[in-house]
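Visitor: Sequence and predicted structure below; questions after.
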Amino acid sequence: MTKKTIKIELASGLEARPVAMLVQIASQFESSIYVENDGARFNAKSIMGMMTLGLDSGEEITISADGKDEEMAISEIEKYLSTK
């Protein structure tokens, strides 16, 4: 299992369209991927779970991935969330 704390740099934060893109990215990987924030943990491949986060730009989340492509998954998610 790999975990990494990532700062959201997307100008709009994680609202509908960016969440949909994040779910698409996470769904490309075989690993189980979760997003954690303030004690809540959501499956990064679940649009409904991710929509409940409502995170703003500048907030930090922890991404955890478990599986054979876990490092690549976290890297791609970090690349996306770090886009300004």
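Guide: Thanks, I have it. Numbering: from 1, shown residues only.

Visitor: Which residues are in contact with the residue lying farthest from the centre of the chain?
Guide: Here the centre of the chain is the reference, and by Cα atoms, centre = their mean the most remote residue is Lys68, at 17.7 Å. With contacts defined as Cβ atoms under 8 Å, 6 or more residues apart in numbering, Lys68 is in contact with 30-31. Just so you know, the C-beta spots here come from the backbone N, C-alpha and C atoms, and that holds for glycine as well.

Visitor: where in this structure is pLDDT low?
Guide: Low-confidence segments of the chain (pLDDT under 70): 84.

Visitor: mind listing the strands in it by residue range?
Guide: Remark: strands assigned in the chain by DSSP state E are 2-7, 32-37, 40-43, 60-66.

Visitor: List the contacts of the last one.
Guide: It refers to strand 60-66. 1-8, 29, 31-37, 44, 53, 55, 71, 73-74, 77-78, 81.

Visitor: go again using 10 Å as the cut-off
Guide: Taking contacts as Cβ atoms under 10 Å, 6 or more residues apart in numbering, the residues outside strand 60-66 that touch it are 1-8, 14, 22, 26, 29-38, 40-42, 44, 53, 55, 70-75, 77-78, 81.

Visitor: partners of it in the sheet?
Guide: Applying DSSP bridges to the sheet, strand 60-66 is found paired with strand 2-7 (antiparallel), strand 32-37 (antiparallel).

Visitor: and if you look at the shortest one?
Guide: Using DSSP bridges, the neighbouring strands of strand 40-43 in the sheet come out as strand 32-37 (antiparallel).

Visitor: CA atoms only for the strand it pairs with, dumped as PDB, please.
Guide: Below are the C-alpha coordinates for strand 32-37, written out as PDB (Å, rounded to 0.1, in the frame of the first residue of the first chain):
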ATOM      1  CA  SER A  32      -7.900   0.100  -5.000                       C
ATOM      2  CA  ILE A  33      -7.700   3.900  -4.600                       C
ATOM      3  CA  TYR A  34      -9.100   5.900  -1.700                       C
ATOM      4  CA  VAL A  35      -9.200   9.600  -0.900                       C
ATOM      5  CA  GLU A  36      -9.100  10.600   2.700                       C
ATOM      6  CA  ASN A  37      -9.900  14.000   4.200                       C
END
